[in-house]
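Student: Show me how the following folds:
(chains A and B)
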Amino acid sequence: MHPAVSVILFTVTSGAGFGAIALIGAGYPLRDHPLAVLLTAMAAGGLAVAGLVASTFHLGHPERAWRAFSQWRSSWLSREGVLAVAALVGFGLHTLARLFTDWPVAGIGWAVSALSLATIFSTAMIYAQLRTVPHWHSALTPAAYLGFGLASGFLLVAAAGNVSALGGVSVALIAMALVVPAWAVKIAWWQRAASATLAARDMTAESATGLGAIGRVRLLERPHSGANYLTREMVHRIGRKHAGKLRVAAIAIGAMLPTLIAALVAWLQLETVFLLAGFVAMMAGLFVERWLFFAEASHSVSLYYD
Amino acid sequence: MDVVTSLPAPGQKRLGLVIDLDICVGCHACAVNCKEWNTGGHGAPLADIDAYGARPEGTWLNRIHTFEVTPKDAPAQIVHFPKSCLHCQDAPCVTVCPTGASYKRAEDGIVLVEEDRCIGCGLCAWACPYGAREMDPVARVMKKCTLCIDRIYNEHLPQIDRVPACVRTCPAHARHFGDLGDPDSEVSRKVAARGGYDLMPQAGTRPVNKYLPPRPKTRPDRPAPQLPQAEAGEATGFLGWLDRALERLG
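Tutor: Below is the predicted model:
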C-alpha cells in the first residue's frame, strides 16, 4: 500500500494525543499551576487535532469532511471521526472545568478517557477491517495501535506531570512497562504478518481470475502500459527491499531508546521531564514503524497487476 | 433517500454482467465504449492526464487484463480478462464509506457513488478486492461502473440500446447483461449451463457478475472428442432397396 505521509502523521500523532488524553482524563496528576494544566492539555489535544487535520490532507474533498460523521452505524472511519470529536469536546470541557470551577471532574474525565481509547481502537479498525490486506486484518492491529497510543501518551504526560511515582512505583518504570509490551505486540504482529500473505488466504492469480482449474495463471499483459490509481495506491513496491533494516531502526529508536532513557530516569532519579526525550524518540520510531505498516502491506488487487 | 451505507435487505432483482472468457478476444472495445459513454454521462467526466504525452493515464471503469494459463500437461493458452465492478451482494466498498456516498440500490442491486457526497478518502477502493474503483484525478471523487444506469432504464433509447455500453459494443458477444436474481433469465441459464463462477470467493463479497470459463481446448495429443453419431437405423422404402442393392455389389 502507498505510505502517504498524511496518513502516517494522522495515525501516529493522533494515537499519541488520544493516549495522553486518556491518561489525563483518568486522573494522571498534573502540575498544580493552571498554566501547566493548560499547556499539558494543549499538547495532548494539539497532537490529536494535528493528526486529524493531517488526515484531511489525504482527502480529495476536505471541504466535505463533515459528511464523514454520518455513517457511524456501518463505517469505522465515520466512527473514528465521531468518537474523536466527542473525546476532544469532552476533553476541552474537562480542562475548562478543572481550571475555572470547583466542580468534580472525575466523571467526565473517565468518559473522556473511554472515548479516547475507543477513538484509537476505531482508527486501527479502519485498517484491521480490510480483508483485502491480510497483514492488517488481525486483532493484533488494534492491540498494537492501543499499546503505542498509551505508551507514547504516557511518556508525554509523565514528562509534564507532577509526580515521580504512582502508587509507589516510579513513573519511569511504568513508562518502561508500557513501551516494552507495546513493541512486543508489534513484534508478534510482524511475526504473524510473515505468514499472513495473500497466498495464505488462497488469494492467488488463480483464484482472482478463477482460471486455476485449467492451470497455473500468470499475468501476460496489464490493461494499460501506464500507471493508474490502483497501481500507485495499492500495488506499491518501494522500500520493501530495506524493510528488515527499517524494522531494526524502528525498534532501536522507538523501543530501545525510550526504554534506556526511562531506565536512566528511574536509576538516577532524574526529573520526569527527561522522559520527554523518550517521547520524541518513540514518536520517531513510530513514524518508521507506520511507514512500514503501509509500505509492506500487499493488497489483493496486486494479483491482477503483478 | 436513506443515506446510511449499510447494505440494503437483499432484493430479488440482481442486475449484472456475465462475461464469457471463452469468447473474449481482448479487443478492448468494451473499455473504449465504456469510457466514451460514461465520460459524458452519469456524474463528472472520466479524466485523462497527459493524454498525448509520455505518461498517459486516466480513469477507466473497465479494464482488460491478459493472462497466460499453463495446464500441467499442455501448452500455455491466453485468456483475455475484462474486469469491472461486480456489484457484490456483500459489497465491502459500501459499508466502509464514511459519508453515505457509496451505496447499493435495493431495487436492482446496482452499486453506485453519489459523487457530491464523496470526500475522496479512497477507503472504498482499499476495501474492494478487485480494483473496481478508481479515484478520478481531476474530479477527486471515486469512480466506478454504474452498469450504465443511464442507458438501461433510458426510455429515450431504442430497446436494443438499453444495455450497458460494454455489452452493446462487444463485437464477439462475450458480454451479457441481465437479472442474475432470476433463475430463468437468459444470463442465469448461461451461468448454469457453462459453470459460471465468482472471482476470488475467499474475499467474501458474493459478486453478482459471473465469469464463464474457457471451454476445454482440443488436444492434438489425445483423441478428438467424439461427436455424437446419428442412429444408423434400418432404412426402408426406396433408400432401403438402394442400400441393400449396393451392399450386394460388394
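
Student: Mind jotting down where the strands sit in chain B?
Tutor: With DSSP state E as the definition, chain B shows strands at residue ranges B:15-20, B:48-49, B:57-58, B:62-70, B:77-84, B:102-104, B:111-113, B:134-135, B:142-143, B:175-179, B:210-212.

Student: Which elements pack onto the fifth one?
Tutor: Which is strand B:77-84. Applying 3 or more CB pairs under 8 Å, 6 or more residues apart in numbering or on different chains; DSSP states H and E, one finds that strand B:77-84 contacts helix B:29-38, strand B:62-70. Any C-beta I mention is one placed from the backbone N, CA and C, and that applies to glycine too.

Student: and of the ones you listed, who's closest to chain A?
Tutor: When these are ranked by proximity to chain A, the top entry is strand B:62-70, at 3.6 Å, counting by CB to the nearest CB.

Student: quick check, that closest one touching chain A?
Tutor: Yes. Using CB under 8 Å from any CB of the partner chain, we find that strand B:62-70 touches chain A at B:Arg63, B:Ile64, B:His65, B:Thr66, B:Phe67, B:Glu68, B:Val69, B:Thr70.

Student: these two touch, right, the first one and B:Pro82?
Tutor: Yes. If you go by CB atoms under 8 Å, B:Arg63 and B:Pro82 touch, sitting 7.4 Å apart.

Student: Spit out the residues that contact those two alike.
Tutor: B:Ala31 (CB atoms under 8 Å, 6 or more residues apart in numbering or on different chains).

Student: show me the contacts for A:Leu140.
Tutor: A:Leu140 neighbours (CB under 8 Å, 6+ apart): A:Val185, A:Ala188, A:Trp189, A:Arg192.

Student: Now restrict the residues you listed to buried residues only.
Tutor: Burial by neighbour count, 16 or more other CB atoms under 10 Å in any protein chain shown: within the contacts of A:Leu140 this picks out A:Val185, A:Trp189.

Student: where does B:Asp73 land on pLDDT?
Tutor: Here the pLDDT value assigned to B:Asp73 is 89.

Student: Let me see the ranges of the helices in the chain.
Tutor: You didn't pick a chain, so chain A it is. Using DSSP state H, the helices of chain A run over residues A:5-25, A:34-56, A:76-100, A:106-128, A:140-160, A:171-195, A:205-209, A:229-234, A:243-251, A:257-268, A:275-295.

Student: try chain B instead
Tutor: Going by DSSP H, chain B shows helices at B:29-38, B:92-95, B:123-127, B:149-152, B:165-169, B:186-194, B:237-249.

Student: can you redo those as CSV with mean neighbour count?
Tutor: Converted to CSV, the helices of chain B look like this (neighbours: other CB atoms under 10 Å in any protein chain shown):
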stretch, mean neighbour count
helix B:29-38, 21
helix B:92-95, 24
helix B:123-127, 24
helix B:149-152, 18
helix B:165-169, 22
helix B:186-194, 16
helix B:237-249, 9
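
Student: contacting residues for B:Ile110?
Tutor: For B:Ile110, the contact set (CB under 8 Å, 6+ apart) comprises B:Leu15, B:His87, B:Lys104, B:Thr146, B:Leu147, B:Ile149.

Student: show me what contacts A:Ile21?
Tutor: A:Ala44, A:Gly45, A:Ala48, A:Ala87, A:Leu88, A:Phe91, A:Val112, A:Ser113, A:Ser116, A:Gly153.

Student: what about burial for those residues, which qualify?
Tutor: A:Ala44, A:Gly45, A:Ala48, A:Ala87, A:Leu88, A:Phe91, A:Val112, A:Ser113, A:Ser116, A:Gly153.

Student: export the residues you listed to a markdown table and tack on distance to A:Tyr229 and pLDDT?
Tutor: What follows is the buried ones among the contacts of A:Ile21, written out as a markdown table (distance: CB to CB, whole Å; pLDDT from 0 to 100):
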| residue | distance to A:Tyr229 | pLDDT |
| --- | --- | --- |
| A:Ala44 | 36 | 97 |
| A:Gly45 | 35 | 97 |
| A:Ala48 | 30 | 97 |
| A:Ala87 | 33 | 98 |
| A:Leu88 | 32 | 98 |
| A:Phe91 | 37 | 98 |
| A:Val112 | 39 | 98 |
| A:Ser113 | 40 | 98 |
| A:Ser116 | 34 | 98 |
| A:Gly153 | 35 | 98 |
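
Student: And the residues you listed, which is closest to B:Lys35?
Tutor: Ranked by distance to B:Lys35 (CB to CB), these are led by A:Ala48 at 43.0 Å.

Student: Excluding chain neighbours, give the residue nearest to that closest one in space.
Tutor: Once flanking residues are discounted, A:Ala48 sits nearest to A:Gly17: 3.0 Å by CB to CB, 6 or more residues apart in numbering or on different chains.

Student: Next, count neighbours for the one you found.
Tutor: Neighbour count for A:Gly17, taken as other CB atoms under 10 Å in any protein chain shown: 31.

Student: Would you quantify the distance from the residue in chain B positioned nearest to chain A to A:Leu38?
Tutor: The minimum distance from chain B to chain A, using CB to the nearest CB, falls at B:Gly120 (1.9 Å). Separation of B:Gly120 from A:Leu38 (CB to CB, to the nearest Å): 36 Å.

Student: Counting neighbours, go ahead and name the busier of these two.
Tutor: B:Gly120 (19 against 15).

Student: per-residue confidence for the closest residue to the more buried one other than its chain neighbours?
Tutor: Nearest in space to B:Gly120, with sequence neighbours left out and distances taken as CB to CB, 6+ apart, is A:Gly60 at 1.9 Å. At A:Gly60, the pLDDT value in this model is 94.

Student: check contacts around A:Gly60.
Tutor: B:Cys118, B:Ile119, B:Gly120, B:Cys121, B:Gly122, B:Met135, B:Ala139, B:Arg140, B:Val141 are the contacts of A:Gly60 under CB under 8 Å, 6+ apart.

Student: Tell me which two of those sit farthest apart.
Tutor: Taking CB to CB, no two of the contacts of A:Gly60 sit farther apart than B:Cys121 and B:Ala139, at 14.4 Å.

Student: Neighbour count for the two, which is higher?
Tutor: B:Cys121 (28 against 19).

Student: Compute the number of surrounding residues for the nearest residue to that one once chain neighbours are set aside.
Tutor: Nearest residue to B:Cys121, sequence neighbours excluded (CB to CB, 6+ apart): A:Leu59, at 5.5 Å. Counted with other CB under 10 Å, residues neighbouring A:Leu59 total 18.

Student: One more: B:Ile49?
Tutor: Neighbour tally, B:Ile49, other CB under 10 Å: 14.

Student: Over to A:Gly92?
Tutor: Neighbours around A:Gly92, by other CB under 10 Å: 13.

Student: how close does it sit to chain B?
Tutor: Plainly put, A:Gly92 is 23 Å away from chain B if you go by CB to the nearest CB, to the nearest Å.

Student: so that residue touches A:Ala48, yeah?
Tutor: No. With contact defined as CB under 8 Å, A:Gly92 does not reach A:Ala48; the gap is 11.1 Å.

Student: Mind naming the longest strand for chain A?
Tutor: Ranking each strand of chain A by length (DSSP E) puts strand A:216-221 first.

Student: Outside of it itself, list whatever touches it.
Tutor: Residues outside strand A:216-221 that contact it (CB under 8 Å, 6+ apart): A:204-206, A:209, A:211, A:304-306, B:65-71, B:78.

Student: and those residues, which are buried?
Tutor: A:Thr204, A:Ala205, A:Glu206, A:Thr209, A:Leu211, A:Tyr304, A:Tyr305, B:His65, B:Phe67, B:Glu68, B:Val69.

Student: Check those and tell me the two furthest apart.
Tutor: It's A:Tyr305 and B:Val69 that sit farthest apart of these, by CB to CB, at 17.1 Å.

Student: so who does residue 135 touch?
Tutor: Unless you meant another one, I'm taking chain A. A:His135 sits next to A:Ala193, A:Ala196, A:Phe293, A:Glu296, A:Ala297, A:Ser298 when contact means CB under 8 Å, 6+ apart.

Student: Can you look at chain B instead?
Tutor: So B:Met135 contacts A:Gly60, A:Tyr229, A:Glu233, B:Thr59, B:Gly120, B:Gly122, B:Ala125, B:Val141, B:Met142, B:Lys143 (CB under 8 Å, 6+ apart).
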